[in-house]
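**Q** got a sequence here, can you model it:
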Amino acid sequence: MDKYKKLFSNTIIFAIGTFSSKILSFLLMPYVTRMMGTGDYGSADLVQQTVNVLIPIVTLQVNSAALRFALDKAADKRDVFTVGVRTTLLGICAFLFLAYPLSLVQINDFRLGDYILLIIAFVFVSSFRQLCQQFVRGSGHVKLFAIDGIIATATTLLFTILFLGPFDWGVTGYIVAIIASDACSVIFFTVTAKLYRYVKPRGLTKGVAGQMLKYCVPLIPTVILWWIINVSDRYMVTYFCGSSANGLYTAASKIPNFVILFSQIFIDAWQLSAVEEHETKQERAKFFTNVFRVYSGGVFAVASALIVFCQLITKILVSPDFYDSWQYVPILIIATTYSCIVNFLASVYMAEKKSLNALLTASSGAIANIVLNLLFIPAIGANGAAIATVCSFLVVFATRGANTRKYIKIDFKLPLMISETLILIAQSALMLFLKQGVLLYVIEAAMLIIMLLLNRKPITELVQLVLGRFLKGRKKD
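**A** Okay, the predicted model is just below:
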């Protein structure tokens with residue numbers, strides 16, 4: 001199958017599953033923010049983010065190895081999944097001994113000890129869901145991956161409404177809803193993909209476990225570093241400003257997820273194409289450059305549109321108590337934009353199995369993030385955290401962009417990217433200083449049009465290239 005056609009086909013399949021699950025987080029926001037106060041919402045988010053950083057540590061990030069090694073046609077899939085299951089079980093057993101010290105952690109008015117049993121259950125279920133999800137995707141069952149996204153959407157919706165509404169469980173209900181939904185996904189994958197057939201009771205091909213661990217262990221600090229860049233600011237906002245301020249900041253961080261929605265649909269499919277691409281260096285560079293131009297153009301265009309409508313979207317998605325959170329949205333959109341850009345570059349490391357390089361480039365951003373958070377948050381509040389996150393992703397892009405050229409020389413079109421970035425900065429500054437008025441939206445709309453014109457060529461090329469090849473392939477079939 002033509003590489004562009006395959007990328008397009010996989011993107012459509014992943015869009016079906018990813019769109020439904022991602023869009024749910026937006027649709028549920030009015031309900032969740034109405035049922036929970038700013039303090040409870042901030043606490044629930046901290047529990048969820050704590051689990052997100054614990055999972056890669058507990059599991060040694062073996063789900064990433066399961067995806068990468070399952071993509072190798074020569075690999076024994078039973079070896080790959082068995083290593084994943086054994087590593088996850090051993091990691092969870094070790095985690096139980098660390099649960100008590102973790103329960104003593106307290107940040108301002110937030111105590112992890114109040115939710116330690118929930119955290120243990122959350123880590124257990126979500127670890128296995130991620131393992132099953134990545135192994136199934138790497139094994140080529142992309143349709144099952146997409147169907148699971150739809151099922152997860154339905155179960156999360158059902159459990160969230162039930163546990164926050166009739167049961168009125170508050171923070172506990174919010175977390176239990178996620179755990180229950182993840183458990184349903186594990187059962188779905190186990191039955192439909194017959195994952196039990198891939199578990200070896202004893203014996204593994206020599207060297208497989210070592211190769212997988214050699215690949216995934218360097219990803220543990222990488223994931224932690226990404227967590228520092230993306231999430232640690234919420235703990236600092238809680239420490240310096242309180243749980244209510246973090247609740248507003250967390251609500252604001254959901255709006256830029258529209259950019260991630262566009263990005264993730266594509267990245268899930270792109271990772272498969274990046275690994276499977278085996279042409280010459282020049283052809284690979286051209287392929288990666290063509291795809292990057294369209295991808296980055298789309299991300300910047302979506303970001304520009306979101307800044308224009310951020311106040312309206314915030315008003316629709318959250319309860320009145322959370323409306324002030326819109327003031328953090330524009331800067332967070334810029335941060336999310338560059339997060340999507342550097343995630344694209346991560347596909348180079350995945351294709352080349354250079355996980356250590358991913359660690360080294362991410363560390364530069366994490367260090368910058370910690371230092372800038374400590375400087376900016378006490379001085380200007382939660383928006384200081386947003387600015388620190390933008391700077392961190394710019395640092396990672398600079399280091400990762402230079403480093404990946406050793407493997408694939410992508411033409412980033414830097415003058416164009418700088419112009420696009422300046423437009424987003426100008427839009428954000430205007431939105432924050434003018435806040436409202438006809439003049440504001442006239443200027444914002446004009447800058448959005450300029451952004452679209454800047455990206456007219458790559459987007460037009462995508463339509464002609466992908467759809468043209470897809471339709472041509474259909475005729476041959």
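
**Q** Tyr441: what's it in contact with?
**A** Val308 (Cβ atoms under 8 Å, 6 or more residues apart in numbering). All C-beta atoms are positioned from the backbone trio N, CA, C, and that covers glycine.

**Q** what strand or helix carries it?
**A** helix 438-454 (DSSP states H and E).

**Q** how about that helix as PDB, C-alpha atoms only?
**A** This file holds the C-alpha atoms of helix 438-454, laid out as PDB (Å, rounded to 0.1, in the frame of the first residue of the first chain):
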ATOM      1  CA  VAL A 438     -15.200  44.900  18.600                       C
ATOM      2  CA  LEU A 439     -11.700  46.100  17.900                       C
ATOM      3  CA  LEU A 440     -10.200  43.100  19.700                       C
ATOM      4  CA  TYR A 441     -12.100  40.600  17.600                       C
ATOM      5  CA  VAL A 442     -11.500  42.400  14.300                       C
ATOM      6  CA  ILE A 443      -7.800  42.300  14.900                       C
ATOM      7  CA  GLU A 444      -7.900  38.700  16.100                       C
ATOM      8  CA  ALA A 445      -9.900  37.600  13.000                       C
ATOM      9  CA  ALA A 446      -7.400  39.400  10.800                       C
ATOM     10  CA  MET A 447      -4.500  37.500  12.300                       C
ATOM     11  CA  LEU A 448      -6.300  34.200  12.000                       C
ATOM     12  CA  ILE A 449      -6.800  34.900   8.300                       C
ATOM     13  CA  ILE A 450      -3.100  35.600   8.000                       C
ATOM     14  CA  MET A 451      -2.300  32.400   9.700                       C
ATOM     15  CA  LEU A 452      -4.500  30.400   7.300                       C
ATOM     16  CA  LEU A 453      -3.000  32.100   4.300                       C
ATOM     17  CA  LEU A 454       0.500  31.300   5.600                       C
END
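
**Q** buried sites along that helix?
**A** By neighbour count on 16 or more other Cβ atoms under 10 Å, the buried set for helix 438-454 is Leu440, Tyr441, Ile443, Glu444, Met447, Leu448, Met451, Leu454.

**Q** show the average pLDDT along it.
**A** For helix 438-454, the mean pLDDT works out to 93.

**Q** just stretch 294-310 next, same as before
**A** 90.

**Q** contact partners of stretch 230-243?
**A** Stretch 230-243 has contacts (Cβ under 8 Å, 6+ apart) with 38-39, 42-43, 45-46, 49, 52-53, 107-110, 245-246, 249-250, 253, 339, 369-370, 373-374, 377-378, 381-382, 385-386, 388-389.

**Q** which among the residues you listed count as buried?
**A** Neighbour counting over the contacts of stretch 230-243 (16+ other Cβ under 10 Å) leaves 38-39, 42-43, 45-46, 49, 52-53, 110, 245-246, 249-250, 253, 339, 369-370, 373, 377, 381-382, 385-386, 388-389 as the buried ones.

**Q** least confident secondary structure element in the chain?
**A** Between all helices and strands in the chain, the lowest mean by mean pLDDT, DSSP states H and E belongs to helix 468-476, at a mean of 47.

**Q** so which residues of the stretch 101-250 of the chain form strands?
**A** For the stretch 101-250 of the chain, strands defined by DSSP state E, counting those that start in this stretch occupy the ranges 106-107, 110-111.

**Q** and the first one, which strands flank it?
**A** For strand 106-107, the paired strands and their directions (DSSP bridges) are strand 110-111 (antiparallel).

**Q** contacts only, for Ser339.
**A** If you count contacts by Cβ under 8 Å, 6+ apart, Ser339 has them with Asn230, Ile260, Phe393.

**Q** packing partners of the longest helix along the chain?
**A** Using DSSP state H to define each element, the chain has its longest helix at helix 281-308. Using 3 or more Cβ pairs under 8 Å, 6 or more residues apart in numbering; DSSP states H and E as the contact test, the elements touching helix 281-308 are helix 257-276, helix 329-352, helix 414-434, helix 438-454, helix 456-462.

**Q** for the first one, what is the average pLDDT?
**A** To tie it back to what came earlier, the one meant is helix 257-276. Mean predicted confidence for helix 257-276 is 67.

**Q** before we move on, back to that, tell me the angle of the longest helix of the chain relative to helix 414-434?
**A** Here the directions of helix 281-308 and helix 414-434 differ by 10 degrees (axes from the mean of the first three to the mean of the last three Cα atoms, to 10 degrees).

**Q** so what pLDDT did Tyr328 get?
**A** Value for Tyr328, per-residue pLDDT: 91.

**Q** if you skip the residues just before and after it, what's nearest to it?
**A** With Cβ to Cβ, 6 or more residues apart in numbering as the criterion, Tyr328 has its nearest non-adjacent residue at 3.7 Å, and that residue is Ala252.

**Q** what about the one you found, distance to Gly42?
**A** 12 Å (Cβ to Cβ, to the nearest Å).

**Q** also Leu195?
**A** When distances are taken as Cβ to Cβ, Leu195 and Gly42 turn out to be 37 Å apart.

**Q** try Val62
**A** Note on Val62: its distance to Gly42, by Cβ to Cβ, is 31 Å.

**Q** same check on Leu424?
**A** From Leu424 to Gly42 the distance is 27 Å (Cβ to Cβ).

**Q** low pLDDT regions in this protein?
**A** 1-26, 38, 261-262, 264-280, 458-459, 461-477 (pLDDT under 70).

**Q** tally up the residues packed near Tyr407, please.
**A** Residues lying near Tyr407 (other Cβ atoms under 10 Å) number 17.

**Q** shouldn't it be in contact with Lys353?
**A** No: Tyr407 is not in contact with Lys353 according to Cβ atoms under 8 Å; the separation is 10.5 Å.

**Q** show me where the stretch 1-150 of the chain has helices.
**A** 3-27, 29-35, 38-59, 62-70, 77-96, 99-103, 116-138, 142-164 (DSSP state H, counting those that start in this stretch).

**Q** Ala335: which of the ones you listed is closest?
**A** helix 38-59 (15.8 Å; Cβ to Cβ).

**Q** quick check, distance from the closest one to the centre of its chain.
**A** Distance of helix 38-59 from the chain centroid (Cα atoms, centre = their mean, to the nearest Å) equals 14 Å.

**Q** what residues sit buried inside stretch 176-190?
**A** For stretch 176-190, by 16+ other Cβ under 10 Å, it's 176-186, 188-189.

**Q** contacts made by that stretch with the rest, please.
**A** 48, 118, 121-122, 125-126, 128-129, 132-133, 136, 144, 147-148, 151-152, 155-156, 159-160, 162-164, 169, 195-196.

**Q** could you dump the helices of the stretch 1-150 of the chain into CSV and include distance to Ala285?
**A** Listed next are those as CSV, based on distance: least, Cβ to Cβ, whole Å:
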stretch, distance to Ala285
helix 3-27, 14
helix 29-35, 41
helix 38-59, 31
helix 62-70, 22
helix 77-96, 30
helix 99-103, 46
helix 116-138, 25
helix 142-164, 26
